[in-house]
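**Q** sequence-free structure coming up:
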């Protein structure tokens, strides 16, 4: 059994869209792991490796990678993995 979290979000404290994405996931009741790219540069490299770019937030929903607070794509990924 894989113990990896189903939803990972790469964030930074100053990122307004990161806060919006986390609030949205909380509102939906989705459990997620937050990885702050400023506190741990390795998280920043993970986000770049997964997304191919340096923007945040990066959401990893069961290996569906979404860059930015793209609500329709977030909803679609959560629904496809039966997380909402």
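**A** That came through, no problem. All values derive from a computational prediction rather than experimental measurement. Residues are numbered from 1 along each chain as shown.
**Q** State the three-state secondary structure for residue 23.
**A** Here residue 23 is recorded as helix under DSSP: H, G, I helix; E, B strand; the rest coil.
**Q** May I see the buried residues of stretch 29-47?
**A** Under the neighbour-count criterion of 16 or more other CB atoms under 10 Å, stretch 29-47 has 30, 32, 34-37, 43-44, 46-47 buried. For the C-beta atoms, the positions are set from N, CA and C on the backbone; glycine is no exception.
**Q** Can you check the pLDDT for the closest residue to residue 35 other than its chain neighbours?
**A** Residue nearest to residue 35 in three dimensions, not counting chain neighbours: residue 43, with 4.0 Å by CB to CB, 6 or more residues apart in numbering. For residue 43, the pLDDT comes out at 97.
**Q** Equivalent analysis for residue 2, please.
**A** Residue-level pLDDT assigned to residue 2 equals 50.
**Q** swap in the one 5 residues further on?
**A** Looking at residue 7, its pLDDT reads 97.
**Q** Please produce CSV containing the buried residues of stretch 29-47, extended by distance to residue 57 and secondary structure.
**A** CSV is the format used below for the buried residues of stretch 29-47 (distance: CB to CB, whole Å; DSSP: H, G, I helix; E, B strand; the rest coil):
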residue, distance to residue 57, secondary structure
30, 14, coil
32, 11, coil
34, 10, strand
35, 10, strand
36, 11, strand
37, 9, coil
43, 12, helix
44, 12, helix
46, 13, helix
47, 9, helix
